[in-house]
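1. Predicted model follows, preceded by the sequence.
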Amino acid sequence: GRIVAFSNGKGYIEKDWGTKFPKNYVWLQSNHFEKPDTSLFFSMAYIPFYVRDFLGFISNIQLNGKEYRFATYNNSKIKLSLPSNDTILVTMENSKAKVKIFGKAEHMGNLQAPVLSGMDKTIKEGVSGTIELELWDKENNTHYHGTGSMAGIEIVDAEDLVM
């Protein structure tokens, strides 16, 4: 019954619904970098698709008014490693840019996720992690290095994603 204004703010909305959910995946997101116009989203998973799963990833980085997109569908290359249970290192590259992302999850809580029987899967998620972001823009020959706080991080059975 009341109006809430989000003017001049930044947000992120996602949905967890349906009957299938990736059995293993990584998800990172932060809008809280030193440069206020910087934000990052990254996800990699074996995605359920009809009777088979396929490995896919997507990342969107906003920096200095420019969008950097790394994804399976635009022929970006990826390398992912898990230095520990609560950290992840991702390197991606395409013809326009290269990025290195280091995420550290902290204070994980339980989140319910869908399976065929209902919202019966429990996964760990934290929204107080940190992300170190380093990006090289090949077209403009620029470099950015920054740290994001208040990062949403999920690392769910991700050993099969290491490449």
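-> Cool, the structure landed. Since the structure is predicted, the reported quantities are computational estimates derived from the model, not experimental observations.
2. ok, and the helix or strand in the chain with the lowest average confidence?
-> Lowest by mean pLDDT, DSSP states H and E among the helices and strands of the chain is strand 109-115, with a mean of 73.
3. other SSEs contacting that strand?
-> Counting contacts by 3 or more Cβ pairs under 8 Å, 6 or more residues apart in numbering; DSSP states H and E, strand 109-115 packs against strand 118-137. Bear in mind the C-beta positions are built from the backbone N, C-alpha and C, glycine included.
4. just to revisit the earlier point, now do the least confident helix or strand of the chain and strand 118-137, the angle between them.
-> Computed by axes from the mean of the first three to the mean of the last three Cα atoms, to 10 degrees, the angle separating strand 109-115 from strand 118-137 equals 110 degrees.
5. List the strands paired with strand 109-115, with their directions.
-> strand 118-137 (antiparallel) (DSSP bridges).
6. Quick one: mean pLDDT over the partner strand.
-> Throughout strand 118-137, pLDDT has a mean value of 84.
7. And it, what's buried?
-> Within strand 118-137, the residues that qualify as buried are 123, 125, 126, 127, 129, 130, 131, 133, 135, 136, 137, counting by 16 or more other Cβ atoms under 10 Å.
8. Strands of the protein, residue ranges please.
-> In the chain, the segments counted as strands under DSSP state E are 25-30, 32-33, 39-49, 52-63, 66-71, 77-84, 87-93, 97-104, 109-115, 118-137, 142-156.
9. most packed of these?
-> strand 25-30 (a mean of 23; mean count of other Cβ atoms under 10 Å).
10. Which elements pack onto it?
-> strand 39-49, strand 87-93, strand 118-137, strand 142-156.
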